[in-house]
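>>> okay, structure incoming, though there's no sequence with it:
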């Protein structure tokens, strides 16, 4: 049975809101003391702040895009429910890859790169899961609002897929420099924030 | 007084969304270092990843079914409110049984089996609580949407109960092998994801 | 300016859902090992399970009552927004009083009683904050749905206040036995679950 | 494409609700024992309680104001989505600045002041981000409900900005006394709770 989109949006919003807010739990609140002033302790934690800002932005952009797609759907079916669940599972793991990244960025070159490979590789997994989601939505277009042009929406698949290419590039960087990887992901998020995939609408007859 | 279903759905969605997202908090973010590379440390944690994926899927399927039932209700009464609260309490404890499972899977055979018995036994408790919920809903059928066929819905009780049989089977496995138990639960969740209990609708006159 | 109740309900539902779900984070996932089997370790933690069930039930009943009152309101004003915030602040602290209770129940008689006084005293604070909320709502009745009988609603204040007497009694018990205090709070929650305060409606003319 | 405000409000409510509830996770549940009674241990933690109440109130007031502004909007556009995300990022970090404040208030004068500077400085960042948000909303007024007077709303910018002056004053205090800083922030929140910025409406013709 096909259903309204309201509750799946509410559930997804809940998951996105919690994931984006849980990020802060991985930043330790340091305690000063003789020989290790609070300012010094706060400074040492810089990789956590950098990773926080990048991951918060990435998850925020993901939410905006999720929001954007659901704005064009009027109903959901069972496969969509589970593809959406897959996307949410991938997103829910980002606080953990973020914490691994932040913890290991300055430990050693090897561990920093390993963390960057994990962090960046997971973003590739996200891009793939979201691409599968979008292919399913555009395949038949049976879930779209009547105003959407299904053929046009299908036409965006490649560009959507091309956009996903940016993640593998950052993934390649992860074998070179952990800091650069983080910067690359920040730039990709900023790019996506500024350039939204337009879902074509039917021309008024 | 009977009430609208909107706010109980919102509250339940909130609880499901939080529970499914809290799962990640139980996976430690390891730190590499001389003599214990990050890759090695990440590898040692494999039971946590397996338990995470299985529990996320189970809770996700639970949400889909909860969502499905509420799609057929137009109002709630006080007993339903509290039966729903019971279901939510059982679900809220799953992150803990998951963490116990993941922590103990590789500690020793005895502790692994003990953890599997706890994990799997708790799923039996969940199946029971949800069955009670469904029996209450179908008993009088006074909360159903007019389009639902109450007699037909009552007829699904046994099949619903039979479905609950799969959990005790996995529970039996828990006395044999912890890893097999986890796999069994993953398979049950996949089965439920693919085979939804259809709630019979009235035939148009 | 008076406003719709939708968003304050959504925000309150969010807080209740998170608070009730956070309770599980305070139960440690034990790890077995030579000389301290998992079953033994799980058994030692019994005060955590008892405190969990009691607090989950209490917060659940609080949500049901909050839900019930808002079902009879059609608008909110600024004082109500802040009285609601006060109620939410008191509720948000319950996971902490629960953890203190569970941690100290078996440490020593003195510390167990101290924890029970804190736990039970905080419930008195909750009853007071909710009573203030209800007095404000019923004072002028300007926020009620037209179907509500404001004079009748005002008439429930005393009974509402009397209900709050049960908490101080449990508070008195806290100076005698920590376990009894927990049981008393469980019984009070069960009583409130079964006996809802009816908000009188206008008789149809 | 301009969109409805419903889902951005739901997402924001989720983030505010989670942030305000996560605050409690940073308060440790102490355990009594021989030589360090529970009452003593609870007393030592007083900076955590003070910081909790102040931050809870501040975030609550922020939510009320966010709620108030969105009550006057009928649609959102992409820049607003991202400005809102910026506000939410700043808010999400407050549990961490609160924990740093509470941890360090009594460690030493230097570390207490450092923590106060961080806590108070972050509130200035919040005031700035919210001011940017308000300037964008009032610049063209294209997102307002028809009942709002856009020119009048624009006229509140300065007063809104002046209100933000209170935070820098508290920030200055942070170089003098950590406890006073906390008190100042509590007073500012209480002031904002009592004095809402009125958004001017069009006069009925």
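Looks like it came in fine. Not measured: the values here are computed from a predicted model.

>>> quick one, grab the pLDDT at residue A:64.
With respect to pLDDT, residue A:64 has a value of 86.

>>> doesn't residue D:81 make contact with it?
Yes: contact between residue A:64 and residue D:81 holds when scored by Cβ atoms under 8 Å: they sit 5.5 Å apart. C-beta: built from backbone N, CA, C; applies to glycine.

>>> all strands of chain A, in order?
With DSSP state E, there are no strands along chain A.

>>> residue numbers of it in contact with chain B?
Within chain A, the positions near chain B by Cβ under 8 Å from any Cβ of the partner chain are A:1, A:3, A:7-8, A:10-11, A:14-15, A:18-19, A:22, A:25-26, A:78, A:81-82, A:85, A:88-89, A:92-93, A:95-96, A:99-100, A:103-104, A:107-108, A:110-111, A:114-115, A:118.

>>> what is the least confident helix or strand in chain A?
helix A:157-163 (a mean of 63; mean pLDDT, DSSP states H and E).

>>> out of the residues of chain A next to chain B, which are inside helices?
Residues of the residues of chain A next to chain B located in helices (DSSP state H): A:7-8, A:10-11, A:14-15, A:18-19, A:22, A:78, A:81-82, A:85, A:88-89, A:92, A:95-96, A:99-100, A:103-104, A:110-111, A:114-115, A:118.

>>> give me the buried subset of those.
Buried members of these, counted by 16 or more other Cβ atoms under 10 Å in any protein chain shown: A:7-8, A:10-11, A:14-15, A:18-19, A:22, A:81-82, A:85, A:88-89, A:92, A:95-96, A:99-100, A:103-104, A:111, A:114-115, A:118.

>>> burial measure for residue A:34, as a count.
Counted by other Cβ atoms under 10 Å in any protein chain shown, the residues lying close to residue A:34 total 8.

>>> and for residue A:146?
Neighbour tally, residue A:146, other Cβ under 10 Å: 6.

>>> leaving out sequence neighbours, find the closest residue to the residue lying farthest from the centre of chain A.
No residue in chain A sits farther from the centre than residue A:34, which is 41.1 Å out by Cα atoms, centre = their mean. Excluding its sequence neighbours, the residue lying closest to residue A:34 (Cβ to Cβ, 6 or more residues apart in numbering or on different chains) is residue D:108, at 7.7 Å.

>>> pLDDT at that neighbour, what is it?
Confidence for residue D:108, expressed as pLDDT, is 83.

>>> quick one: average pLDDT of stretch A:15-30?
The model assigns stretch A:15-30 a mean pLDDT of 93.

>>> what comes up buried for that stretch?
Result for stretch A:15-30 [16+ other Cβ under 10 Å]: buried residues A:15-24, A:26-27, A:29-30.

>>> give me every residue that touches residue A:95.
Residues near residue A:95 by Cβ atoms under 8 Å, 6 or more residues apart in numbering or on different chains: A:19, A:22-23, A:25-26, A:55, B:24.

>>> against residue A:44, how distant is the residue farthest from the centre of chain A?
From residue A:34 across to residue A:44, the span is 17 Å (Cβ to Cβ, to the nearest Å).

>>> go on, residue A:192?
According to Cβ to Cβ, residue A:192 and residue A:44 sit 31 Å apart.

>>> those two: who's more crowded?
residue A:192 (18 against 12).

>>> ok, and the closest non-adjacent residue to that one?
residue A:61 (4.9 Å).

>>> unless I'm mixing things up, the one you found is touching residue A:187, no?
No: Residue A:61 lies out of contact with residue A:187 (Cβ under 8 Å); the separation is 11.9 Å.

>>> out of the two, which sits in the busier spot?
Legend: neighbour count by other Cβ under 10 Å for residue A:61 and residue A:187, higher for residue A:61 (21 against 13).

>>> who's in contact with that one?
A:189, A:192-193.

>>> closest one to chain B out of those residues, please.
residue A:189 (20.3 Å; Cβ to the nearest Cβ).

>>> quick check: that closest one touching residue A:56?
No: applying Cβ under 8 Å as the test, residue A:189 and residue A:56 come out as separate, 9.2 Å apart.

>>> which intervals of chain A have sub-threshold pLDDT?
For chain A, applying pLDDT under 70 flags the ranges A:1-3, A:158-165, A:195-198, A:203-205.

>>> chain D contacts on that one?
Proximity of chain A to chain D, by Cβ under 8 Å from any Cβ, involves residues A:9-10, A:13-14, A:16-18, A:20-25, A:27, A:29-34, A:37-39, A:42, A:52-53, A:56-57, A:60, A:63-64, A:67, A:70-71, A:193, A:196.

>>> sorry, back to before: could you dump the buried residues of stretch A:15-30 into a markdown table and include distance to residue D:171?
Below are those laid out as a markdown table (distance: Cβ to Cβ, whole Å):
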| residue | distance to residue D:171 |
| --- | --- |
| A:15 | 36 |
| A:16 | 32 |
| A:17 | 29 |
| A:18 | 31 |
| A:19 | 31 |
| A:20 | 27 |
| A:21 | 25 |
| A:22 | 28 |
| A:23 | 25 |
| A:24 | 22 |
| A:26 | 27 |
| A:27 | 22 |
| A:29 | 20 |
| A:30 | 21 |
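
>>> picking up where we left off before, dihedrals phi and psi, the residue farthest from the centre of chain A?
Backbone torsions for residue A:34, taken as degrees, to the nearest 10, come to phi -60, psi 130.

>>> and the gap between it and residue D:174?
Applying Cβ to Cβ to residue A:34 and residue D:174 gives a distance of 22 Å.

>>> could I get the contacting residues of residue A:136?
If you count contacts by Cβ under 8 Å, 6+ apart, residue A:136 has them with A:79-80, A:83.

>>> want to try CSV for those, with distance to residue C:130 as columns?
Formatted as CSV, the contacts of residue A:136 follow (distance: Cβ to Cβ, whole Å):
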residue, distance to residue C:130
A:79, 45
A:80, 41
A:83, 43
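
>>> now these: which count as buried?
Buried among the contacts of residue A:136 (16+ other Cβ under 10 Å): A:80, A:83.

>>> I figured residue A:25 hits residue D:22, correct?
Yes: with contacts counted by Cβ under 8 Å, residue A:25 reaches residue D:22, the gap being 7.0 Å.

>>> need the nearest residue in space to residue A:130, chain neighbours excluded.
Spatial nearest neighbour of residue A:130, excluding adjacent residues (Cβ to Cβ, 6+ apart): residue A:87 at 5.8 Å.

>>> tally of neighbours for that neighbour?
Neighbours of residue A:87 using other Cβ under 10 Å come to 20.

>>> distance of it from residue A:46?
From residue A:87 over to residue A:46 the distance is 31 Å, taken as Cβ to Cβ.

>>> now swap in residue A:123 and tell me
Counting by Cβ to Cβ, the gap from residue A:123 to residue A:46 is 21 Å.

>>> more neighbours: which of those two?
Comparing residue A:123 with residue A:46 by other Cβ under 10 Å, the one with more neighbours is residue A:123, at 26 against 12.

>>> contact partners for the more buried one?
A:58, A:167, A:170-171, A:185.

>>> make a markdown table out of these and add neighbour count.
Compiled in a markdown table, these are given as follows (neighbours: other Cβ atoms under 10 Å in any protein chain shown):
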| residue | neighbour count |
| --- | --- |
| A:58 | 23 |
| A:167 | 21 |
| A:170 | 23 |
| A:171 | 21 |
| A:185 | 26 |
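
>>> how about the residues you listed, which pair is most distant?
A:58 and A:171 (14.0 Å; Cβ to Cβ).

>>> neighbours of residue A:129, how many?
Residues near residue A:129, counting by other Cβ under 10 Å: 18.

>>> just confirm it contacts residue A:88, I think it does.
No: if you go by Cβ under 8 Å, residue A:129 and residue A:88 don't touch, sitting 9.4 Å apart.

>>> cool, thanks, talk later.
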